[in-house]
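Enquirer: Build me a model from this:
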Amino acid sequence: MLPLLRVISYNLRKHAASGELVDLARDFEIDALCLQECDTDDLPETIGDLHLADSTKGNRLGLAIYYRMSRFTAYETKTFALKKSMHDRVLSPAHERLIGTRVTDNETDHGLVIASFHAAPLTASNSLRRNQIHAAHAELLSMGGGLMSLMVGDFNYPFFTKSLTAQMKDAGYDLTMSDRRTYTRYKVFKGHFDFATSQGLEIESVETLARGASDHLPILITAEYGQDGNGNGAAPATS
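Expert: Numbering: from 1, shown residues only. The predicted model follows:
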């Protein structure tokens, strides 16, 4: 039986929940950690057994990916700018809303792209966020066509998710919600803000974890490689 993948995604709410990361990594024995709204200048190189793949550089509040070096070999990490909302242009520019890391699983030789994603806020339209999601998938494909992918993060998409799920399916991706709502700070905006899209993976569960210092609750994604997933390891990047 192939080993399961365990990944946590967490919007830190302007880095406020950063002090919880060591305990989360240890208590849930995760293989990767995907962050949103983190102060990238204040990120350690390691969190428990996890190593920093990279973080965004252009954002006031950025994205980051950590991975377990004993489980994965990382070949490249890229950040991507997506279509901007009016909020991005006027208030708090977010140049990079996606970061992806291409890895090989040392235990199985499977190739995989792991990504942390942060969509435009609710002041933007759902159509813009859909544009960002589709563009993000295209950017991740550019890192390795045919590789499995797991994109997790804050999608800011609590309404009309059934329609979004259908659109993702038509595009060849699975969208998986968590078992409980991930954002409950404001009554009108309660919902599943944080979830996962994937290709080539079988998602076993997406569990909403206990509330911490953030206005978002972290989610734990447990997955296994699908039967149609690419079984070949990624070739090292050349420069």
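
Enquirer: Would you tell me which helix is longest in this protein?
Expert: Of all the segments of type helix in the chain, defined by DSSP state H, the longest one is helix 126-141.

Enquirer: CA atoms of that helix as CSV?
Expert: Listed next in CSV are the C-alpha coordinates belonging to helix 126-141 (Å, rounded to 0.1, in the frame of the first residue of the first chain):
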residue,chain,number,x,y,z
ASN,A,126,-16.4,35.2,-8.5
SER,A,127,-15.6,35.4,-12.2
LEU,A,128,-12.2,37.0,-11.4
ARG,A,129,-11.5,34.3,-8.9
ARG,A,130,-12.4,31.6,-11.4
ASN,A,131,-10.0,33.3,-13.8
GLN,A,132,-7.3,33.1,-11.1
ILE,A,133,-7.9,29.5,-10.4
HIS,A,134,-7.8,28.4,-14.0
ALA,A,135,-4.7,30.5,-14.6
ALA,A,136,-3.1,29.0,-11.5
HIS,A,137,-3.7,25.5,-12.8
ALA,A,138,-2.2,26.4,-16.2
GLU,A,139,0.9,27.8,-14.5
LEU,A,140,1.4,24.7,-12.5
LEU,A,141,1.1,22.6,-15.6
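
Enquirer: contacts for it?
Expert: Judged by CB atoms under 8 Å, 6 or more residues apart in numbering, the contacts made with helix 126-141 from elsewhere in the structure are 78, 80, 82-83, 85, 97-98, 100, 113, 115, 117, 119-120, 149, 151, 155-157, 159-160, 164, 167-168, 171, 173, 197, 199. For glycine as for every other residue, the C-beta is placed from the backbone atoms N, C-alpha and C.

Enquirer: how about a cut-off of 6 Å?
Expert: Residues outside helix 126-141 that contact it (CB atoms under 6 Å, 6 or more residues apart in numbering) are 80, 82-83, 85, 98, 100, 113, 115, 117, 119-120, 149, 157.

Enquirer: Next secondary structure after it?
Expert: Scanning forward in sequence from helix 126-141 by DSSP states H and E, the next helix or strand is strand 148-154.

Enquirer: Sheet partners, orientation included, of that next one?
Expert: Neighbouring strands of strand 148-154 in its sheet, by DSSP bridges, are strand 111-118 (parallel), strand 194-199 (antiparallel).
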